[in-house]
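>>> please find the sequence and the predicted model below.
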Amino acid sequence: MKNFSYYRPATVEQAVSLLENRFGNTELLGGGTDLHDLQKEYVSQPARVVSLGGIAQLQTVQVAEKSVTIGAGRTLASISEHPQLRQLFPALATAAGEIAGPQLRNMATLGGNLCQRNRCWYFRDEHSNCLLKSGSTCFALDGENKYHSVFTQGSRCVAVTPSTIGPVLIALGASVEVQNAAGKRLVEIGRFFKAPNANGEREHALASNDVVVAVQIPVQGLTNAHYEVRQKLSSDWPIVQAAVSFQGGRNGEKATDVKIVLGQVAPVPHVAQAAMRAIENQSITEQTAAAAGQAATQGAKPLSQNAYKLKLIEVAVKRALLLASGARPYWLA
Amino acid sequence: MPWPQQRRLLGTKVQRLDGADKSTGRAKYSYDINRPRQCHARILRCPHAHARIKSIDTTVAERTPGFKSIHMVAKPGDELYFAGAELLGIAADTEEHAEDALRAIRVEYEPLPHHVKEAEALRSKGSTVGGGAEAANVTPAGDYSTDNFEQNAYRDAAAVHEAEYGVAIISHQCLETHGLVAQWDEKQENLTVWASTQAVPNTAQQLAQYFKIPATRVKCITHYMGGGFGSKFGPDIQGQIAAELAKKAAQPVKLMLDRAEEVTVGGMRPSAYGKVKIAANKEGLIQAFEVDCYGSPGVGRGATVNFNLLPYVYVNVPHIKRKHQAVRLNLQTARAMRAPGHPQNCLLTEQAIDDLAAKLNVNPIQMRLRNLPPNDQDAIKNAPTTYLALRHTIYTQQIDLVRKMSDWDRKWHPPGQGNGPIKTGLGIALHTWGGSGRGPNPTKITIGADGSVLCQSSTQDLGTAQRTVAAIIVAEILGLDPKDIMVEVGESQHGPSTPSGGSTTCPGTSPAILKAAENARDAFFAAIAPRMNVEVADLEIAPGHVVNKKANQRIPWRQACARLGMNPVQATGDWPTNAQLQQNKELRDLWTTRLSNQGVGGVQIAEVRVDTETGVVRCTNVWAVQDVGLVVNKLGCESQAAGGVVMGVNYALYEECIYDKNSGRLVNPDMEFYKLAGIRDMPQIHVHMMDMPERGVIGIGEPPTISTAAAVGNAIFNAIGVRVPFAPFTPERVLAALARPQGGAR
Ligand SMILES: Cc1cc2nc3c(=O)[nH]c(=O)nc-3n(C[C@H](O)[C@H](O)[C@H](O)COP(=O)(O)OP(=O)(O)OC[C@H]3O[C@@H](n4cnc5c(N)ncnc54)[C@H](O)[C@@H]3O)c2cc1C
């Protein structure tokens, strides 16, 4: 990997002051589980790396009456193990706890998770000059695409959004606290993710001199759950993920304000509107959940090798809804 | 010198002597070796699956910071046939500088047509893998038919089954990548390499040949080794490059492949696809086995899969017809991989048998019992302890054992039965392997006056606990504890030894170690008898003691050794030469049918849980029964079998080299999308070793991995009632099979 200068500021302000107005030459560093990989693979070659590891402020978790604030520097492991987070947001805690394996969860941070680059194997191959580099072709379209998008949403890059925390946070209505030289602002999580389509673009809407400081999640008494279809239990990516939240919906009660968000199926987390409509104001049973699952595939346009994901979307949505409703997970029988 | 009748240590469970060293990191693998002034080397590889080099410009690279030396292996005009082919190596003061220097090299290529998918190559004409105008990627690799196949094969058929089966190319994925550290002495005359190799003396020899220097000038050291599985029999091109760079830099050079290189060029197991037609009569006896198959050896010309083994294990099928083709592709050359050819043949045979059994409505265990190959009449007369003479007996016993261990009779259900979306199933498969060892494996034993015992040879420990094997044998003969024996392996200056391939190390070394231990004991007695005023015949070994039978006196080992005075005793032991074995039947019988032997059988049952909504398969249990002849270390044997099962489960469910048809590059040269089971994905593994001491030592490094994948495939079929034709049995393939019961998608 190319040599770089390493900075370890003690405050967010100092970190911000070290950033530049384009990505590439200077990069922020959380746990490094993604950035260092990209550096070693010569996909990313920053000359300067600014670690957020020395900033105490990013490590806090504040549980208030109306909202919970989680510092961007918290590790996935600490989020998955946090008793109050587990109680309020089981979807978040389980999603964090299922990511990769313990070594990775002990290093990876919340901020890094949300800002990580996609895992498309063409993008990550130093020798393939895809449209996220200086090329003009998405090689997955006519290539190996079994893990790619089934909802391309008009994006020319068909890599899937990598974070499994993202869809959960959307379902929970979270916001991202972002800081730059002008100060702090809140970005609604639904507007945070963006499909990159050219060199210099990222999987999120932030600028290169923005730092994710924290994530705020409103405490609204939402029932929530998340389900992933994983081939392996150790160190693997899910093939499809569904995060759900709603009011009520337990013990035969009707579910309202339903949100259903899919991961690993589109370049950004996919809000499954038709599925949300299908289950809104219904009590959750295997039948209604399955119907919502079917609705969730509406509008999908699978690529040459990933039509199987449609079936997995149906199942993930059904199971996430059932899990949230408190039903016994029949698939663990 | 047969094996002792009374076994105190042999066949028991002995923990590996270097276990703590390995788990604490004290054990140093080649990857851990760092020499003073060492530099680091990287290799520039062709990014195209097929290309001609137009030009190479290294001038800028040679001026980059830290640059030390460069060694060219390809030149302008050369044609390279796979992505990953070597162009040159560069050494620099740090790994990072070496990487940067590589990227400062400018190469112009003329890309040429390539094939990396078997199906595409099969449809093509001409050659993308070189070999002149008349060459082709697809070449017939042999046809075979029993007499009058067409007339006879299906005459008595009560059921015929026809289907396609197959398995993808996988990589060896050695945890320790290929590579070595090379150091020349000051005069640049003598080379020492710390290599990750399965063949210590051979690696030294091959380097000596490469540099055209006497073999005595190259020393290879491999104290610990992190996996080879058949892919590490010499220095390889990267070893040559490292040694060249070290010479040019006049500094030690370390060159270990990175993970992407390891998967791209570190070895692969050929794919195998075949249309199988199989028929049985109404008694359930298989009458015909017909197969039209192909596999890819990569770019190499070597054999792909040895399809001559089809039908695998069930060799007494009367009517057999085989056609096979080698499909050469623009990717690395296949290398031997743990039981080369057998897992593929097992998949192609055992899965077809289960499908046929289902058509006949016969329980898979019955189907196998009916079709087991008989004990061979000639062998019973001439070589009664061999697999050929015993196979029917062994398999019958093994099936009985594994059936009970797995509770098959209670758990098994007809294919596809069971309620709900989660289905469980059981599957069985059989395997066989040679596993015979030979010399030379000279072993030297030194007994010191302080009671210490040193056992030295150049053989290598691939992770099989070879040190422990040696210590058990020596301790058995000398009445000591294995911990009392200091074992040194993995240094070429200890003399010749056979490469660790074909499951030959334990059977190849154990008889030599036995011989050495007996010789050492005899030399020891000869040295101390006069000093004790007794005859040699008056002395014998008892645990921890030397017994003076004449005086009815038990002398503690150390005290007895003290009588050696100033001079330690040394003795060596080795196999007779091959000529001696050939000429002398008695000797041959002793060494090859009593001290060691060849041919084993094994049976495995796998249990799976299939989520029919997601297609996700979990392997929950594997029961493995393995025959191994004389068990030296029961714990080591069981670990070896468990390791084989781990690999087999990966072969069945996860592993696959995925090549991009357009670029010809591997898209998953990693451990992320090249999936490998982690601890939570492992089944419970239940191993039973059959101990048959009268047969002598037989190697089982390879066999326990053979039948796992087929057993898993059959268990999935049993669970869901449809065949998933192509391994690995990934969610998309399982879902495709469920959606389309008549076939499935690759
Ligand atoms: C085998 C495997 C399986 C995996 N499975 C999953 C999974 O199931 N779900 C999932 O979500 N992830 C998964 N991951 C990815 C993993 O979660 C990410 O690598 C990790 O979350 C990144 O966090 P980090 O702190 O190490 O990021 P870093 O590598 O430090 O940074 C990643 C990116 O974010 C930027 N960044 C970091 N912090 C901030 C900040 N505060 N503000 C702005 N930008 C910032 C960096 O500049 C960099 O571009 C998997 C990874 C592997 C290898």
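Received it, and whenever you're ready, just let me know what you need.
>>> may I have stretch B:729-742 as CSV, with CA atoms only?
Backbone C-alpha positions of stretch B:729-742 (Å, rounded to 0.1, in the frame of the first residue of the first chain) are rendered in CSV as follows:
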residue,chain,number,x,y,z
PHE,B,729,-24.8,-26.4,-3.0
THR,B,730,-25.4,-22.7,-2.6
PRO,B,731,-28.7,-21.1,-1.8
GLU,B,732,-29.4,-20.1,-5.4
ARG,B,733,-28.7,-23.6,-6.7
VAL,B,734,-30.8,-25.2,-4.0
LEU,B,735,-33.7,-22.8,-4.8
ALA,B,736,-33.3,-23.4,-8.5
ALA,B,737,-33.5,-27.2,-8.0
LEU,B,738,-36.5,-26.8,-5.8
ALA,B,739,-38.2,-24.6,-8.4
ARG,B,740,-37.4,-27.0,-11.2
PRO,B,741,-37.4,-30.5,-9.9
GLN,B,742,-36.2,-31.9,-13.2
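>>> quick one: buried residues of it?
Applying a neighbour-count criterion of 16 or more other CB atoms under 10 Å in any protein chain shown, the buried positions in stretch B:729-742 are B:Phe729, B:Thr730, B:Pro731, B:Glu732, B:Arg733, B:Val734, B:Leu735, B:Ala736, B:Ala737, B:Leu738. Where you see a C-beta, it was placed from the backbone N, CA and C, and this is true even at glycine.
>>> same check on stretch B:294-307?
B:Tyr294, B:Gly295, B:Ser296, B:Pro297, B:Gly298, B:Val299, B:Gly300, B:Ala303, B:Thr304, B:Val305, B:Asn306, B:Phe307.
>>> with stretch A:152-166 instead?
Buried, per 16+ other CB under 10 Å, within stretch A:152-166: A:152, A:155-166.
>>> how about stretch B:408-422?
So for stretch B:408-422, counting by 16+ other CB under 10 Å, buried means B:Trp408, B:Trp412, B:Pro415, B:Gly416, B:Gly418, B:Ile422.
>>> near the ligand too, which of those?
For the ligand, no contacts are drawn from the buried residues of stretch B:408-422 by CB under 6 Å from any ligand atom.
>>> out of these, who's nearest B:Tyr31?
B:Tyr31 has its nearest neighbour among the buried residues of stretch B:408-422 in B:Ile422, at 42.2 Å by CB to CB.
>>> what's the most distant pair in the buried residues of stretch B:729-742?
B:Thr730 and B:Leu738 (12.8 Å).
>>> overlap of the contact sets of these two?
Residues touching both B:Thr730 and B:Leu738 (CB atoms under 8 Å, 6 or more residues apart in numbering or on different chains): B:Gly615.
>>> okay if I get the buried residues of stretch A:152-166 as JSON lines plus distance to B:Ala715?
Listed next are these as JSON lines, based on distance: CB to CB, whole Å:
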{"residue": "A:Thr152", "distance to B:Ala715": "37"}
{"residue": "A:Ser155", "distance to B:Ala715": "41"}
{"residue": "A:Arg156", "distance to B:Ala715": "43"}
{"residue": "A:Cys157", "distance to B:Ala715": "40"}
{"residue": "A:Val158", "distance to B:Ala715": "35"}
{"residue": "A:Ala159", "distance to B:Ala715": "35"}
{"residue": "A:Val160", "distance to B:Ala715": "31"}
{"residue": "A:Thr161", "distance to B:Ala715": "35"}
{"residue": "A:Pro162", "distance to B:Ala715": "33"}
{"residue": "A:Ser163", "distance to B:Ala715": "35"}
{"residue": "A:Thr164", "distance to B:Ala715": "30"}
{"residue": "A:Ile165", "distance to B:Ala715": "36"}
{"residue": "A:Gly166", "distance to B:Ala715": "37"}
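>>> near the ligand, which of those show up?
Among those, the residues that sit close to the ligand (CB under 6 Å from any ligand atom) are A:Pro162, A:Ser163, A:Thr164, A:Ile165.
>>> and A:Arg185, which helix or strand is it part of?
Here A:Arg185, judged by DSSP states H and E, is contained in strand A:183-188.
>>> one more: B:Pro440?
With DSSP H and E as the test, B:Pro440 turns up in no helix or strand.
>>> can you get me a residue count around the residue lying closest to it once chain neighbours are set aside?
Nearest non-adjacent residue to B:Pro440, counting by CB to CB, 6 or more residues apart in numbering or on different chains: B:Pro496, 4.6 Å away. Summarising burial for B:Pro496: neighbours were counted as other CB atoms under 10 Å in any protein chain shown, giving 17.
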